Every structure is written in structure tokens, then in C-alpha cells.
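Q: coordinates for the following, if possible.
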Amino acid sequence: MTFDLKGKDTQSNARAGVLTTDHGIIETPIFMPVGTVGTVKGVHQRELKEEVNPDIILGNTYHLYLRPQIDVLEKAGGLHKFMNWDRNILTDSGGYQVYSLSANRKIKEEGVKFKSHIDGSYHFFTPENVMEIQRSIGADIIMAFDECTPYPCDYNYAKRSMHMTHRWLDRCISHLDKTPLKYDYSQAFFPIVQGSTYKDLRKQSAEYIANAGAVGNAIGGLSVGEPAEEMYAMTEVVTAILPEDKPRYLMGVGTPINILENIALGVDMFDCVMPTRNARNGMLFTAHGTINIKNLKWREDFSPIDEMGMTFVDTEYSKAYLRHLFSVNELLAKQIATIHNLGFYMWLVREARKHILAGGFRTWKDKMVKQMDKRL
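A: Residues are numbered from 1 along each chain as shown. Predicted coordinates:
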């Protein structure tokens, strides 16, 4: 994997780059639609390519490990072939999902024992076997196994957890060096900065991760309930330390406003379930604010879903029609809304890139944040 910086904003730390893997080019800043179980929920791969057009999507190690299970993915030739996706894929390590199973998991130095949310069976993740699982899944970018701490988090717990994440990182790297590739393309490995919302811990962790010398780096443990200002403060601490010539991935973030503010702080890559999950509940993101399409006010609004026309659904269907589909619980409603929201997120990061390269990103970002912070 290579990463080339193509431009920087003069009034912020925003940057535009090109990340290249064996499955193609990723222009940054980038948003990665979440394809948890081998699909971006509710969207055909053809529509995903033609309308949303992301350079990369995300898969989830925990969920893919449980279903369809690793032997199936290996027999298929990896996740790319299994789901018929010839572009880039990133897999997280499953650490966040294990964190979310707080009542059904036990963390110790060796790894994490957890109970499946599907059938209650017990499983054990270690830094070593998570590397092997991600080799078998075959994503282009794979993540270190870490512990994601909750918010709020006691300082001493956050400190112990951070040091354990660092020890797990060393074990990941050691095992990865001994684990051959499963398929005919390379995989890039990203370690993860932790440290909760404590600046001194974030600084320590960022320094440790930077010294690991990986081709890219991730920031974890944010967007877990902390106020946005704390998220931005932690991101600013970390991006000041992580190498400038390597991509920076902020995991699980976030709202359109969160994304623009973190781009301004020097982040290159994002993922979040918000555009797809909110779409299924009738919440649409636009450049002028959010729309609850289920509201009565849209009942006789025959204007396009979004006149900017970022995807075919935006101009082919009216707000009144989409509201009707939700009111009768038609499955197509969720599909239309999902394509719109993903299209909007992709438009947003690509517009950000244009303004970084052309100059004036900061002014554009400030205007967009004000516009989007409204309920229509």
C-alpha cells in the first residue's frame, strides 16, 4: 500500500491524498460505507458501485467470523469474491463488537472470551487468531486487535487498557510476520490509538503507535458517547503526533458535521453505520440539514428528495412518494433512503477534497457545518 499527499489546506490541517492498494486507488478524505456481514445493508453491489461509487467499503471481522464463518470465506476465495466486490475492503478487528458485548465477554491478557449474540456459544479472540481470521477474510486493510474503552472511563482503567492494547499490538505484528497471505494480493496493517478522553494517554498511545512504523494508523475509542468537543480535542492531540506521510483513520465517526470537523484536524478516513441505519428509520442527510421523511409536512411535497441529484434516487423520486413508502412499510423506502444517504456522504467527502485541493476548505467547511446543523 502506498499513500501520497496531493494537497493541504492553508487554514487548517485538512489534507487530500491518494491511497493505492492492489484493488485500486482510494482518494482521501474518504468515507467507507459499512458492509458489516458482507453487504452494505439494503443496497445491491451494482447500485453501490454505480450510484454511491465508494473506493472502499468496510467489513466486520466479528460478524463474518460468526457468519458465514471463515471456512466458507476461504473456500469462496476471500470476501471480495464471496460478495462480488472488486474494489477495496477494510476489516476492523472485532474489538469494538466485543466491547459492545460488555455483559457477555471477559477480557484478560491472553485475549477476550465472548458469547455469540446469535446462539450463545463461547468464542475466544486473541491478537494472534484475529490476524489469522483477517488473513482469511482477505481485506486490503486490516486492523490490530485492541480494547475499546467505554465513555466515561476511569483514568486508571483507561491507562491499563491502553498498555494492554499496545502489548496486543506487538503480538499482532509478531504473528502477522509469521502468517502468510492467503490470496494473490497484499494486505496493509493499521494499529489503533487508544487512551479514552485523557490527553496524556492519547499522546502516549499515539507515540507508541507511530513508532510501530505501520503503513497507516487508526484512532479508536471515540464516538462512544463522549461530547463532540472531547472527540475533536482527542483527535487534535493524536493527529499532531501520527506521521504526516501515512493515512489516518478515525474509526466509527460519524455525523456529516463530525466528518468535516475531523477532516479539518487532519483525518483521512472514516466509517459509520449512521447513514445506513438512519436511512432505514426515515432520517435523510442533506447539505441544508436533516429531514425526517416520515413527518406529515412531506405528505404533499412533490419536489425531488434532493435537488442536488447526487444519486438517481434523488431526482427520480419525490419526498411525498418516499414518505408514502415509509408510511406503508414498503421495503423500497429503506433502499431509496439508504442510497440517498450514502450518496450524500460520498458527495460530502469528495467536495471536501475539491476544496482542499483548490483552496478555501476552511471557509467552505464552516458554511457547510452551519447549513447542516438544522432540522428541515
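
Q: contacts, neighbours, all on C-alpha from now
A: Fine.

Q: what's the weakest-modelled helix or strand in this structure?
A: Lowest by mean pLDDT, DSSP states H and E among the helices and strands of the chain is helix 95-100, with a mean of 78.

Q: contacts for it, please.
A: Defining contact as CA atoms under 8 Å, 6 or more residues apart in numbering, one finds that helix 95-100 is touched by 62, 105, 112, 114, 145, 146, 147, 148, 149, 150.

Q: closest one of these to residue 313?
A: residue 62 (32.4 Å; CA to CA).

Q: count residues in the vicinity of the residue nearest to the closest one when sequence neighbours are not counted, would you?
A: Of all residues not flanking residue 62 in the chain, residue 94 sits nearest, at 4.6 Å (CA to CA, 6 or more residues apart in numbering). Residue 94 is flanked by 24 other residues according to other CA atoms under 10 Å.

Q: what sits against residue 94?
A: 60, 61, 62, 63, 145.

Q: farthest-apart pair in the residues you listed, please.
A: Most distant of the contacts of residue 94, by CA to CA, are 63 and 145, 14.8 Å apart.

Q: okay, the two: which has more neighbours?
A: Legend: neighbour count by other CA under 10 Å for residue 63 and residue 145, higher for residue 145 (28 against 18).

Q: could you pull out the helices for the stretch 151-300 of the chain?
A: For the stretch 151-300 of the chain, the helices defined by DSSP state H, counting those that start in this stretch cover 155-178, 199-211, 228-239, 256-264, 274-280.

Q: got a markdown table for those, with mean neighbour count, distance to residue 361 and mean pLDDT too?
A: Formatted as a markdown table, the helices of the stretch 151-300 of the chain follow (neighbours: other CA atoms under 10 Å; distance: least, CA to CA, whole Å; pLDDT from 0 to 100):
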| stretch | mean neighbour count | distance to residue 361 | mean pLDDT |
| --- | --- | --- | --- |
| helix 155-178 | 18 | 34 | 97 |
| helix 199-211 | 20 | 26 | 98 |
| helix 228-239 | 18 | 18 | 98 |
| helix 256-264 | 23 | 8 | 98 |
| helix 274-280 | 21 | 23 | 98 |
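
Q: okay if I get these as CSV plus distance to residue 67?
A: Converted to CSV, the helices of the stretch 151-300 of the chain look like this (distance: least, CA to CA, whole Å):
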stretch, distance to residue 67
helix 155-178, 23
helix 199-211, 31
helix 228-239, 33
helix 256-264, 31
helix 274-280, 20
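
Q: tell me the spacing between the nearest residue to residue 66 once chain neighbours are set aside and residue 63.
A: In this structure, residue 66 finds its nearest non-sequential neighbour in residue 116, 7.7 Å apart by CA to CA, 6+ apart. Distance, residue 116 to residue 63, using CA to CA, to the nearest Å: 9 Å.

Q: try residue 89
A: 15 Å.

Q: about what we covered before: and the contacts of helix 95-100, which of them are in helices?
A: Counting by DSSP state H, the contacts of helix 95-100 place residue 62 in helices.

Q: of the contacts of helix 95-100 - the most surrounded one?
A: residue 146 (30 neighbours).

Q: can you tell me how far that one is from residue 250?
A: As for residue 146, its distance to residue 250 is 14 Å (criterion: CA to CA).

Q: check residue 93 too.
A: Separation of residue 93 from residue 250 (CA to CA): 14 Å.

Q: what's the burial count for residue 152?
A: Around residue 152 there are 12 residues (other CA under 10 Å).

Q: of the contacts of residue 94, closest to residue 375?
A: Of all those, residue 60 has the smallest distance to residue 375: 31.8 Å, by CA to CA.

Q: residue contacts, the closest one?
A: Per CA under 8 Å, 6+ apart, neighbours of residue 60: 35, 36, 37, 91, 92, 93, 94.

Q: make JSON lines from those and add secondary structure, pLDDT and distance to residue 297 to it.
A: Shown next, in JSON lines, are those (DSSP: H, G, I helix; E, B strand; the rest coil; pLDDT from 0 to 100; distance: CA to CA, whole Å):
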{"residue": "35", "secondary structure": "coil", "pLDDT": "94", "distance to residue 297": "33"}
{"residue": "36", "secondary structure": "coil", "pLDDT": "91", "distance to residue 297": "34"}
{"residue": "37", "secondary structure": "coil", "pLDDT": "95", "distance to residue 297": "36"}
{"residue": "91", "secondary structure": "strand", "pLDDT": "98", "distance to residue 297": "40"}
{"residue": "92", "secondary structure": "strand", "pLDDT": "95", "distance to residue 297": "40"}
{"residue": "93", "secondary structure": "coil", "pLDDT": "89", "distance to residue 297": "43"}
{"residue": "94", "secondary structure": "coil", "pLDDT": "85", "distance to residue 297": "41"}
